[in-house]
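Asks: Provided below are the primary sequence and the corresponding predicted coordinates.
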Amino acid sequence: MAQPAGSYAPIFQRTVYTFQPGGTAGGAIYTDWPTLYADLLASGPGNLRTVAIDDSIGTATIPSGSWNMLGVTLSGQVQGNTANTEDGATHLHLANGCNFTISGVNTLWSIANNLTVFSGSSSPIIVATDNDGSGQHNLELNFSCNLVSTNGAAFISVPAGKALLIDCFTGGGLASSDTYASSNYEVIDIGDNAVCTMFGLNAIAIQSNTVRGTSLATMVAARFDLTSAISPLQTNMAGTFASANFCSANYVDYNATGTFLASSDVNSAITEIANQNTFLNATVQTSSNAATTILSYGTPNQNQAYYLEVTAIGMKSDFSAAASFKVGALFKNVGGTVTQIGTTQTIATVNTAVYGGVSFSISGNVINIQVSGALTTTVNWQAIMTAVQT
């Protein structure tokens, strides 16, 4: 393998370390991890350094132990390894009991260049320790890199109350058994009131069933190009899994609502992500006093309670009269059956016209928000709805 410039520099000046099991040790080439890691530490923890993984001769495995990866990039070979038929990438295996520490402010650990990292550990490889995002605990996945879990534990744990930011570029992502037959486990595990945020650009992917979390967990994924793919199928994610597509000039595709939001409504999507609420808005025209559906809300989770608050404004088509209504209602979804708890409560009514107002109807697990106007009167309606679930 061609050596990077400066690879034979003294340890304290070295920025690239090559891990090549089965090769010939010397200079910046290491055949065993403990020796490489000792020199890596000697160069100064936190300095930006690259460990180039070369599995062209032997299997590259980091053994059991706690390894400080602050400021370290694990890099595959640009050309990959065609012997690895699943993806043609360089493969790095992490043994049972291996874990990476990235604690500290402004932390950074990244993988790059056609590298797939397999966790064979029964405990997480990375445990986020930042409380509120201010410490910027960052993980980067760049240039065709993937994280895969194979031994029951998620690769990354975001414990209760903690936060983690993941940046993905050009093919980075979270992989599952869709691609790797040896993987049957989620890559990220998120605890109560914990948040994992993932930004992606240029063909990044979150495959199905790679994220799990408690009912109070939040995963936010945003993609900025049409070639990226984020699967909403996360079977064991009981909390909020929200994704937004910012790749179109005029619209944001927001999967928590199943609708398209105009660019002027992006702030509403961000508000929902931040508060774990759902925000919808829509318009409709009525010409009678019949109840007409203006919004529909599909209760996403069973055995949950949902409070819906709706504000609707109706204006007569000749602008001569108008009315506004604000109402609240409580529902529950038990085993897939949705029922209303109590009665709809009127919060406020302001009008210069007598319109029927706002009501709710249930169809399956969907709650329909309906508005009623007046006989032989054309009324243009605008409504917004906020939903909060347990």
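Replies: Now that the structure is in, tell me what you want to look at. Numbering: from 1, shown residues only.
Asks: just so I have it, where are all the helices in the stretch 251-390 of the chain?
Replies: Ranges of helices in the stretch 251-390 of the chain, per DSSP state H, counting those that start in this stretch, are 266-275.
Asks: shaky segments in it?
Replies: 251-281, 300 (pLDDT under 70).
Asks: so where do the strands sit in it?
Replies: Counting by DSSP state E, counting those that start in this stretch, the stretch 251-390 of the chain has these strands, from start to end: 251-254, 259-262, 278-286, 292-298, 304-316, 322-334, 337-351, 357-363, 366-372, 379-389.
Asks: Could you pull up the contacting residues of Tyr185?
Replies: By CB atoms under 8 Å, 6 or more residues apart in numbering, Tyr185 lies in contact with 149-154. Placement of C-beta: from N, CA and C, glycine included.
Asks: try 6 Å this time
Replies: 149, 152 (CB atoms under 6 Å, 6 or more residues apart in numbering).
Asks: for it, helix, strand, or coil?
Replies: Put simply, Tyr185 is coil when judged by DSSP: H, G, I helix; E, B strand; the rest coil.
Asks: Tell me, what's the model's pLDDT at it?
Replies: Tyr185 is assigned 71 on the pLDDT scale.
Asks: Please shift the residue numbers so they start at 601 in all later answers.
Replies: I'll keep to 601 as the first residue from here, and by that count the last item is Tyr785.
Asks: ok so, going back, could you dump the strands of the stretch 851-990 of the chain to JSON lines with mean neighbour count and distance to Ile653?
Replies: Converted to JSON lines, those look like this (neighbours: other CB atoms under 10 Å; distance: least, CB to CB, whole Å):
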{"stretch": "strand 851-854", "mean neighbour count": "20", "distance to Ile653": "36"}
{"stretch": "strand 859-862", "mean neighbour count": "15", "distance to Ile653": "42"}
{"stretch": "strand 878-886", "mean neighbour count": "19", "distance to Ile653": "43"}
{"stretch": "strand 892-898", "mean neighbour count": "19", "distance to Ile653": "45"}
{"stretch": "strand 904-916", "mean neighbour count": "20", "distance to Ile653": "44"}
{"stretch": "strand 922-934", "mean neighbour count": "18", "distance to Ile653": "47"}
{"stretch": "strand 937-951", "mean neighbour count": "12", "distance to Ile653": "51"}
{"stretch": "strand 957-963", "mean neighbour count": "17", "distance to Ile653": "54"}
{"stretch": "strand 966-972", "mean neighbour count": "21", "distance to Ile653": "50"}
{"stretch": "strand 979-989", "mean neighbour count": "19", "distance to Ile653": "44"}
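Asks: Quick one: closest of the ones you listed to Asn696.
Replies: Smallest distance to Asn696 across the strands of the stretch 851-990 of the chain (CB to CB): 36.9 Å, for strand 904-916.
Asks: Break this structure into its domains for me.
Replies: 611-875, 878-989 (automatic domain parsing).
Asks: Looking at the ones you listed, which one is packed in the most?
Replies: Most buried of those by mean neighbour count (mean count of other CB atoms under 10 Å) is domain 611-875; its value is a mean of 19.
Asks: How far off centre is it?
Replies: 12 Å (CA atoms, centre = their mean, to the nearest Å).
Asks: Ok, stretch 957-974 next?
Replies: Remark: stretch 957-974 is offset 32 Å from the chain centroid, using CA atoms, centre = their mean.
Asks: Check which helices and strands the helix or strand where Leu741 lies sits against.
Replies: In this structure, Leu741 sits in strand 738-742 according to DSSP states H and E. Packing contacts for strand 738-742, counted by 3 or more CB pairs under 6 Å, 6 or more residues apart in numbering; DSSP states H and E, involve strand 708-712, strand 763-769.
Asks: Lowest average confidence across those strands, which one?
Replies: Across the helices and strands packed on strand 738-742, strand 708-712 gives the lowest mean pLDDT, at a mean of 72.
Asks: And the next helix or strand past that one?
Replies: Next along from strand 708-712, by DSSP H and E: strand 715-719.
Asks: Next secondary structure after that following strand?
Replies: Next along the chain after strand 715-719, taking DSSP H and E as the criterion, comes strand 726-727.
Asks: circling back: would you convert the helices and strands packed on strand 738-742 into JSON lines that also reports distance to Gly839?
Replies: Shown next, in JSON lines, are the helices and strands packed on strand 738-742 (distance: least, CB to CB, whole Å):
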{"stretch": "strand 708-712", "distance to Gly839": "25"}
{"stretch": "strand 763-769", "distance to Gly839": "14"}
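Asks: who's in contact with stretch 909-921?
Replies: Under CB under 6 Å, 6+ apart, the answer for stretch 909-921 is 922-928, 952-953, 955, 958, 969, 971, 978-986.
Asks: how about that stretch as CSV, C-alpha atoms only?
Replies: In CSV, the C-alpha atoms belonging to stretch 909-921 read as follows (Å, rounded to 0.1, in the frame of the first residue of the first chain):
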residue,chain,number,x,y,z
GLU,A,909,-56.0,21.8,19.6
VAL,A,910,-57.4,23.4,16.5
THR,A,911,-57.8,27.0,15.4
ALA,A,912,-59.9,27.6,12.4
ILE,A,913,-60.8,30.8,10.6
GLY,A,914,-63.6,31.1,8.0
MET,A,915,-64.2,34.1,5.7
LYS,A,916,-67.1,34.6,3.4
SER,A,917,-65.9,34.7,-0.2
ASP,A,918,-67.1,38.3,-0.7
PHE,A,919,-65.1,39.3,2.5
SER,A,920,-68.2,40.6,4.2
ALA,A,921,-68.2,38.3,7.2
